[in-house]
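Visitor: Make a model of this:
(chains A and B)
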Amino acid sequence: MIEQVAEPLQQTGFAKVILEIDVNNHPGVMSHICNLFARRAFNVEGILCMPVSDGKRSRIWLLVFEDQRLEQMVRQVEKLQDVLSVRRHGAEHEVFERLEDFFH
Amino acid sequence: MNQMTGAELIVRLLERQGVRTIAGIPGGAILPLYDALSGSTLIRHVLARHEQGAGFMAQGMARVSGVPEVCFASSGPGATNLVTAIADARLDSIPMVAITGQVPLSMIGTDAFQEVDIYGMTVPITKHNFLVRSVDELLEVIPEAFRIAMSGRPGPVLVDVPKDVQNALVSFADFPPPATPQPLPALDMALIEEAARMIDAAERPVLYLGGGVIHSGAAQLAVTLAEQAGLPTTMTLMALGAMPMDHPLSIGMLGMHAARHTNYVLEEADLLVCVGARFDDRAIGKAAQFCPAAKIVHIDVDPSELHKIKQAHVAINGDVGQALEALLPRVRAQLRKRWLSHVESLKGRFPVQWAEQDDPRSHYGLVRAVAAALDDEAVITTDVGQHQMWVAQAYPFRRPRQWLTSGGLGTMGFGMPAAIGAALAAPQRTVVCFSGDGSFKMNIQELATLAEEWLNVKIVLMNNNSLGLVYQQQNLFYGKRVFASKYRGAPDFVKIAEGFGIPAVDLDTAANPRGTLAQALNTPGPCLIHVSIDREEFVYPMVPPGAANTEMIGG
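Guide: I've put the predicted structure just below:
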């Protein structure tokens, strides 16, 4: 989804991080979030989004590489009006692992 | 039970929010809203000649009033023409609500006539944006748009309203209350204490004020802190006026076109207290070499600004006014004789170049002659380029919101429509727009709006018949290969103004230019004041883009 970006910065050797983002569920929220990462050529390795509970909210899971800009990126994501919370998990989180079966 | 159309509801909500002037241009997709607006007895509509002009008029109003102001545009090209003014508001943190018409819901996504995805286009340049998909949503979206625009760090919000949503009927019991700002973040008092200790312990501290000080209404508190703790104070382009330029503690604007002594003082600082500023590259030069010896205290209402460019030793998230108020009783009063006398000696060794220039037909002389003919109540706007920097350097700004300029985006064409907006918001003030011939032509059509509204706006046109700052950079950094920066034609701006019905004077041919200037500035109503400026006059000092601030050329 961020193919329009030229060259992602060198990210080899960085640990993976999983972000769990609770958002209001309406069209446009994904583009607000993904735009932020795309603008700075921040490579989003994986993305998963489903509505939660009554459908008024969604949860977005992002798999990204840790780099020095991540903390500031997270602060920018937290600033978005439709973002309710951002939680960070290490690469050991199983959400994307369980999905891998669908990508072989 | 209230019942009305979506368009009428928008107008009522704007009235209830206190909006009294809207700049805009109608078109097919926003005609229901214009029809409803024509019935308003409270809101005055100012018809711009280009939507970008309308956007900058709203900005000019907001920069003077400090509250969100509104512009209207139709769908498609009307909306895309607003984009530059919205992006400009975003970079300078100006509260603004842009309302655009959109094609009917059922036609969205079909490449309908005058359809663009303005919602998608403005995602990265608004603080937030809305595409209203049902008329009921307006009850929430309109107050929410104002709340977002005015809360915390202000910014622009776009509301895109399809034509059928404007026409749809809505029934509701009560109007929602007008928006008020969200509560500000609570201060971490331990960090305030730590910042106060660092200020007390510092030997060579500098206070660095940004536009946030203006937005938060904290200029007086910042001056009090500087006086109490003996802090030499520098201001960004956006903060000019926060401390009077002639205050003994002011060391002027920092950065690319700072006075030499300002950048040298910063080089020696051992503590930088950054208040509502964001370490912009034009202000700090090469980030790694900015204030190399200084620890940093950074106060900002936007948490994502903290540690963004420079790692702060103490980072305080909060309203700068509240933070300064908390700091004041905790900071020791100091004379700081040694540091301040050193700062004075730097000022003496590297004096400013513009103090001695008296000829009102020279660039600095003109700026100072305008200032001499006005008092501090006047509002000064500029366009973007050499004239902007000369005014920033040499005009004696003495109060917040006296100075309106396009800082972050650097938009040529900002000056005149912003001046019109300023005059609409503060009709009792004289508004002077300094412009260059390059910038002026970018929104010159708004002379028609100015003539129609007959506002007290004076345009001081510094004409060197070129894109002066480009010409300067080509001369300094591109081996004098001057290309596409000199105009071959030379329009007669006096005739152009008169053609629009605006009185004009030409200082080039005036027998007594100073007298002619003063008379033009003090005659109510609009006026164009034309002055030819030598193309070989450059803005000095100049830090080459990407260099450290101490590597100044000239001055």
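
Visitor: List the contacts of residue 61.
Guide: Unless you meant another one, I'm taking chain A. Listed by CB atoms under 8 Å, 6 or more residues apart in numbering or on different chains, the contact partners of A:Trp61 are A:18-21, A:46-49, A:95-96. All C-beta atoms are positioned from the backbone trio N, CA, C, and that covers glycine.

Visitor: Wait, chain B was what I had in mind.
Guide: Counting by CB under 8 Å, 6+ apart, B:Met61 touches B:21, B:23, B:69, B:421-422, B:424-425.

Visitor: What's the end-to-end length of stretch B:544-555?
Guide: Distance across stretch B:544-555, first residue to last, is 13 Å (CA to CA, to the nearest Å).

Visitor: Show residues contacting it.
Guide: B:254-256, B:258-260, B:263-264, B:266-267, B:284-286, B:289-290, B:353, B:476-477, B:538, B:540-543.

Visitor: ok, now how distant is the closest residue to chain A within the stretch 301-450 of chain B from A:Gln81?
Guide: Chain A sits closest to B:Ser304 of the stretch 301-450 of chain B, with a gap of 3.9 Å, by CB to the nearest CB. Here B:Ser304 is placed at a distance of 14 Å from A:Gln81 (CB to CB, to the nearest Å).

Visitor: Adding neighbour count, pLDDT and distance to B:Ala372, write the contacts of A:Trp61 out as CSV.
Guide: Converted to CSV, these look like this (neighbours: other CB atoms under 10 Å in any protein chain shown; pLDDT from 0 to 100; distance: CB to CB, whole Å):
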residue, neighbour count, pLDDT, distance to B:Ala372
A:Ile18, 21, 95, 63
A:Leu19, 22, 95, 58
A:Glu20, 16, 96, 61
A:Ile21, 22, 96, 57
A:Gly46, 15, 90, 64
A:Ile47, 18, 92, 61
A:Leu48, 14, 93, 65
A:Cys49, 15, 93, 62
A:Val95, 14, 91, 68
A:Phe96, 18, 90, 68
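
Visitor: In helices only, show me these.
Guide: Secondary structure from DSSP state H places A:95-96 of the contacts of A:Trp61 in helices.

Visitor: Take the contacts of A:Trp61 and write them to CSV, including distance to chain B.
Guide: CSV is the format used below for these (distance: CB to the nearest CB, whole Å):
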residue, distance to chain B
A:Ile18, 21
A:Leu19, 15
A:Glu20, 19
A:Ile21, 15
A:Gly46, 22
A:Ile47, 17
A:Leu48, 21
A:Cys49, 17
A:Val95, 26
A:Phe96, 26
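
Visitor: Can you tell me which of the contacts of A:Trp61 is nearest B:Val135?
Guide: Comparing these against B:Val135 with CB to CB places A:Cys49 closest, at 28.2 Å.

Visitor: where does the closest residue to that closest one other than its chain neighbours fall, helix, sheet strand or coil?
Guide: Using CB to CB, 6 or more residues apart in numbering or on different chains and skipping the chain neighbours, the partner closest in space to A:Cys49 is A:Ile60 (4.6 Å). Following DSSP: H, G, I helix; E, B strand; the rest coil, we place A:Ile60 in the strand state.

Visitor: so what's A:Ile60 bridging to?
Guide: A:Ile21, A:Cys49 (DSSP bridges).

Visitor: How many residues are close by the residue of the stretch 301-450 of chain B closest to chain A?
Guide: 19 (other CB atoms under 10 Å in any protein chain shown).

Visitor: ditto for B:Asp270
Guide: B:Asp270 has 16 neighbours, counted by other CB under 10 Å.

Visitor: quick one, what contacts it?
Guide: For B:Asp270, the contact set (CB under 8 Å, 6+ apart) comprises B:202-205, B:293-295.

Visitor: Show me the helices in chain A, by range?
Guide: All helices of chain A, identified by DSSP H, fall at A:29-39, A:70-79, A:95-99.

Visitor: which other helices and strands contact the second one?
Guide: Using 3 or more CB pairs under 8 Å, 6 or more residues apart in numbering or on different chains; DSSP states H and E as the contact criterion, the neighbours of helix A:70-79 among helices and strands are strand A:16-24, helix A:29-39, strand A:83-90.

Visitor: that older thread, what about the contacts of B:Met61, which are in strands?
Guide: Among the contacts of B:Met61, DSSP state E puts B:21, B:23, B:69 in strands.

Visitor: Buried only: go through the residues you listed for me.
Guide: Listed as buried from the ones in strands among the contacts of B:Met61 are B:21, B:23, B:69; burial here means 16 or more other CB atoms under 10 Å in any protein chain shown.

Visitor: what does the model give residue 40 for pLDDT?
Guide: Using chain A. Residue-level confidence at A:Arg40 comes out at 83, pLDDT.

Visitor: Wait, chain B was what I had in mind.
Guide: Reading off the confidence values, B:Ser40 has pLDDT 98.

Visitor: Can I take it that it is in a helix?
Guide: No - read with three-state DSSP, B:Ser40 is coil and lies in no helix.

Visitor: Tell me how many other residues crowd it.
Guide: 17.

Visitor: Tell me if I'm right that A:Arg87 and A:Leu19 touch.
Guide: Yes - if you go by CB atoms under 8 Å, A:Arg87 and A:Leu19 touch, sitting 7.2 Å apart.

Visitor: All set now, cheers.
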